[in-house]
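Asks: Fold the stuff below for me.
(chains A, B and C)
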Amino acid sequence: MAAATQYSEIKTRSSGYWALLILLAAGVLIGIAGAHHMDVEGHHVSGMNNQIVWGLPHVFAIFLIVAASGALNIASLASVFAKQAYKPLARFSAILSIALLVGGLAILLLDLGRPDRLIVAMTYYNFKSIFAWNIILYSGFVVIVAAYLWLMMERRMQRWSKPAGLLAFVWRLVLTTGTGSIFGFLVARESYDTALLAPMFIIMSFAFGLAVLILLLMLSFSLDRRELDPSHLLRLRRLLGIFTASVFYFVVVFHLTKLYGTQNHGFEAFILMDGGIYTFLFWFAQIGLGNLLPLALIYTPSLQQSSKSLVLACLLVIAGAFAQLYIIIVGGQAYPLNIFPGYIVESGFYDGVVGEYAPSLWEFMLGFGGLTASLLIALLVLRVLPIMPNALSAEAQ
Amino acid sequence: MKNAAETELPQPARRGFLKGAAAAAATLVAPGIFLYRTGQAATSLDNEARWGLLIDTNALSEADVDACVSACQREHGWRAEPGSKTDAQWIRKVKLTDQETGHQKFLPMMCLHCESPPCVDVCPTGASFKRADGIVLVNKHICIGCRYCMMACPYKARSFIHETLKDQLPVAPRGKGTVESCTLCVHRVDRDGANAVPACAEAVNRGERKAILFGDLNDPQSEISRRLQELGGTRLRADMGLNPGVRYQGL
Amino acid sequence: MDSLASITRLLLLAALGLAPLGVAGAAEYEASGFGEIAVPSPEKPVRAEQCVEPVEVMRRDHMKLLDHQRDETVINGERDSKYSLVGCMNCHNPASESGEVVRYEDPQHFCAECHAYASVKIDCFECHADRGLEQLQQGKLDSAPPAWNGNGAGLNSATLGHRLEVSQ
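Replies: Purely as a prediction, here's the structure:
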């Protein structure tokens, strides 16, 4: 690089920026209202029940947490893998990952049966619980990435940013392993119970986090009328293509693994053939809209320079992400536990039948509020700290 | 009856506030490093025993199983409207139909009080715990309502309290936002020891015919151990190696 | 770049975010009317001469006694202590003049007055009954399950499993 990159706060005074902030703030208030209602009334106002114990809030929360660790990738590419081309976006990558994680954690916390017992969650630890590890991993992530960001921004400290970046990179891999293992270690359920979920969540984080990062990058650059050369978008587009293809590969391997064992045929038939909403979401939303269509958009030669096609691809990857997480989280619980093999099981507690779940408005409000909180934090921090490069110009070839 | 251990009165601490403030600061700075406690404390319980149930499904009619359920509801003060997806289920009636022969039977399902309970492994705060005598409970004082134990339980033994409750019974404090399950009538066990009869067993046992037998699995001379030696018993989902304390006969 | 100025800005932003909480808290305090209230002196129970410990100890340490006891009971199965919450409620269970059930949210409830004064949330009665065994046994259980036959018939000292001696 010829000259050192200059960074500055975004300074737009456009009405679009303020309208967006107001909308996001309203979204946060809506989320708080939803959480408050669920807290006062109890979870019977949500669609969650004793069969589907985790629902839409967890889909939002895990999307944000997975995307958070993925959003850090761009910074890791610069600091750990010495890809100088990504260096100007390293600060943005770090701040976005913190913002996404905070929003996701807020959802998880507010969905608890007893959110007032946060202090209990922070003081009583069962070290055999993956949840307990995750509480440490998540709070550690925020601290490490914040320190990493400061080391990058403070000129005197920059030589330390490389080891800090390495630590943050390793930490985020462990963190997403922990998130995937929340499900992967559930040996009682055929829908989970595989170590494959941990690396699959890591590769999902690469794609989801990058999609969110590209969208916010384009949004904030256009709001502030900064120069964004197509060569930068092309590089990110190719990266998104590789990550999306990798997610597809992992999904294929996951289902092949399950299909090979006879005892899992029931579960596979449920997801792939006769699971109703879950089957539809799998083929149409996750595979079609979330994997194949974005890949087609990304790799169609005539669309290579089209930023609109990139925006669409990112939105589709995110939509597919929600579908995929909905199938993993809700679909995985809906498939009945097989306590009595060889028997037809009936009970007043929904033994042997597919669990029913209809998300209520309140839990959607909570999940949506967490998503808007993440975006609001990111856009506000961009305004008060010099995070964004003044320009991403064309590079000398 | 257990002997009442002398409970020591905590000393009034003038520095209580300072200590509390320091603890709060430490909690904020480094959760889990300076200040952590586990749910398990040193115990005065009889840890020689391991309590369990032997359920003879051949001796239980559908009406018997219904009687188990309503006895448990009366004992602990919970209720479940038919068809509700959110109401409590400490114990439930399960109807099994053999896929080949069409043979039907009814049995009660509740927490099986595993030797290696997955709910205890996954609980982030240690609220889900196993007593020294093998009874698996939820310590509702530190349950945060995350429901991870419900995800981990292979037997659907637990339910989450979805609504505000009032007038709970003293033997079964329970409230909104926490998870609950069968306690093996722990209040009766603490009172009567090896002679305890859980409410569900009381509802169906008549004279010598004990369709649900409570006892100490660790004591080879206990009635439950002798019957298991003689007639055997099924561990549900034995493939998972959890070694439940509740066993079934006639499956 | 000037990192100090940036940090200041960030802190200001955080303070701005937290400000509504402070305002809301102050508003709630004003609305509660406790601003000018005198130190509470809740009515003492008539049926017992003496609490399980001297009043000074109870005032200061009742929460420690209960916290200690709850772990003893839940984890170690110790159910005969004099420091049980059921024991508290058996004595401190005011009935209102009209004989209505006094809930813990009601200022007439023994616990409520001081807790409102000290602004400490009571976290006992979401799970535990907020009144004594006798009141529970009288059967005014508007939230009782149908299995109780509507008159508390399922409740006897065996089912309740707790000593009544403490309160008598």
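Asks: got the residues of the stretch 151-251 of chain B near chain C?
Replies: B:164-171, B:173-178, B:186-191 (Cβ under 8 Å from any Cβ of the partner chain). Backbone N, C-alpha and C define where each C-beta goes, glycine included.
Asks: among those, which are in helices?
Replies: B:186, B:187, B:188, B:189, B:190, B:191 (DSSP state H).
Asks: In JSON lines, list the residues you listed along with pLDDT, neighbour count and distance to residue C:89.
Replies: Output for those, formatted as JSON lines (pLDDT from 0 to 100; neighbours: other Cβ atoms under 10 Å in any protein chain shown; distance: Cβ to Cβ, whole Å):
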{"residue": "B:186", "pLDDT": "96", "neighbour count": "24", "distance to residue C:89": "21"}
{"residue": "B:187", "pLDDT": "95", "neighbour count": "23", "distance to residue C:89": "17"}
{"residue": "B:188", "pLDDT": "95", "neighbour count": "23", "distance to residue C:89": "21"}
{"residue": "B:189", "pLDDT": "95", "neighbour count": "24", "distance to residue C:89": "24"}
{"residue": "B:190", "pLDDT": "93", "neighbour count": "22", "distance to residue C:89": "20"}
{"residue": "B:191", "pLDDT": "92", "neighbour count": "19", "distance to residue C:89": "20"}
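Asks: could I get those residues as a markdown table with distance to chain A?
Replies: Below are these laid out as a markdown table (distance: Cβ to the nearest Cβ, whole Å):
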| residue | distance to chain A |
| --- | --- |
| B:186 | 21 |
| B:187 | 23 |
| B:188 | 24 |
| B:189 | 24 |
| B:190 | 24 |
| B:191 | 29 |
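Asks: which among the residues you listed gets closest to residue A:289?
Replies: residue B:186 (51.4 Å; Cβ to Cβ).
Asks: Which residue, other than its chain neighbours, is closest to the closest one?
Replies: With sequence-adjacent residues excluded and distances taken as Cβ to Cβ, 6 or more residues apart in numbering or on different chains, residue B:186 is closest to residue B:135, at 5.5 Å.
Asks: Was I right to think the one you found contacts residue B:187?
Replies: No. Using Cβ atoms under 8 Å as the test, residue B:135 is too far from residue B:187 to be in contact (10.9 Å).
Asks: so where's the stretch 251-397 of chain A shaky on pLDDT?
Replies: A:396-397 (pLDDT under 70).
Asks: Kindly recompute the last result at 50.
Replies: Along the stretch 251-397 of chain A, the parts satisfying pLDDT under 50 run over A:397.
Asks: what about the closest residue to chain A within the stretch 1-150 of chain B, is that helix, strand or coil?
Replies: Closest contact between the stretch 1-150 of chain B and chain A, by Cβ to the nearest Cβ, is at residue B:145 (1.8 Å). In three-state terms, and counting by DSSP: H, G, I helix; E, B strand; the rest coil, residue B:145 is coil.
Asks: With respect to residue A:176, which of the ones in helices among the residues of the stretch 151-251 of chain B next to chain C is nearest?
Replies: residue B:186 (39.8 Å).
Asks: OK, contacts around the closest one?
Replies: The neighbourhood of residue B:186, defined by Cβ atoms under 8 Å, 6 or more residues apart in numbering or on different chains, consists of B:131, B:135, B:137, C:77.
Asks: next one: whichever strand or helix holds residue A:280 to chain centre, how far?
Replies: Assigned by DSSP states H and E, residue A:280 falls within helix A:277-280. Helix A:277-280 sits 21 Å away from the centroid of its parent chain (Cα atoms, centre = their mean, to the nearest Å).
Asks: residues touching the residue of the stretch 1-150 of chain B closest to chain A, list them.
Replies: Counted by Cβ under 8 Å, 6+ apart, residue B:145 has contacts A:112, A:113, A:114, A:117, B:160, B:177, B:178, B:179.
Asks: same thing but 6 Å
Replies: Neighbour list for residue B:145: A:112, A:113, A:114, B:177, B:178 [criterion: Cβ atoms under 6 Å, 6 or more residues apart in numbering or on different chains].
Asks: Of those residues, keep whichever come out buried.
Replies: Buried subset of those (neighbour count, 16 or more other Cβ atoms under 10 Å in any protein chain shown): A:112, A:113, A:114, B:177, B:178.
Asks: hmm, stretch A:28-36 in reach of chain B?
Replies: No. Using Cβ under 6 Å from any Cβ of the partner chain, stretch A:28-36 never reaches chain B; the gap is at least 12.6 Å.
Asks: Would you pull up how far that stretch lies from the middle of the chain?
Replies: 20 Å.
Asks: so what's the residue of chain A found nearest chain C closest to, chain neighbours aside?
Replies: Closest residue of chain A to chain C, Cβ to the nearest Cβ: residue A:384 (4.4 Å). Nearest residue to residue A:384, sequence neighbours excluded (Cβ to Cβ, 6+ apart): residue C:9, at 4.4 Å.
Asks: Run through chain C and note the low-pLDDT ranges.
Replies: Low-confidence segments of chain C (pLDDT under 50): C:1, C:140-168.
Asks: Show me what residue of it gets nearest to chain A.
Replies: residue C:9 (4.4 Å).
Asks: Residue A:386 is in contact with that residue, correct?
Replies: No. With contact defined as Cβ atoms under 6 Å, residue C:9 does not reach residue A:386; the gap is 10.3 Å.
Asks: Could you count how many residues lie near residue B:61?
Replies: 12 (other Cβ atoms under 10 Å in any protein chain shown).
Asks: where does it fall, phi/psi-wise?
Replies: Main-chain dihedrals, residue B:61, degrees, to the nearest 10: phi -90, psi 170.
Asks: near chain C at all, stretch A:144-154?
Replies: Yes. Stretch A:144-154 is in contact with chain C by Cβ under 6 Å from any Cβ, via residue A:154.
Asks: So which residues of chain C form strands?
Replies: Shown for chain C, no strands are assigned by DSSP state E.
Asks: same question but for chain A, I mixed them up
Replies: A:7-8, A:227-228, A:343-347, A:388-389, A:391-392.
Asks: Give me whichever of those strands is most buried.
Replies: strand A:388-389 (a mean of 23; mean count of other Cβ atoms under 10 Å in any protein chain shown).
Asks: Show me what it pairs with in its sheet, parallel or antiparallel.
Replies: In the sheet, strand A:388-389 lines up against strand A:7-8 (antiparallel) (DSSP bridges).
Asks: Please enumerate residues in contact with the strand it pairs with?
Replies: With contact meaning Cβ under 6 Å, 6+ apart, strand A:7-8 is reached by A:386, A:389, A:390.
Asks: switch the cut-off to 8 Å
Replies: Counting by Cβ under 8 Å, 6+ apart, A:91, A:153, A:386, A:387, A:388, A:389, A:390, C:1 sit against strand A:7-8.
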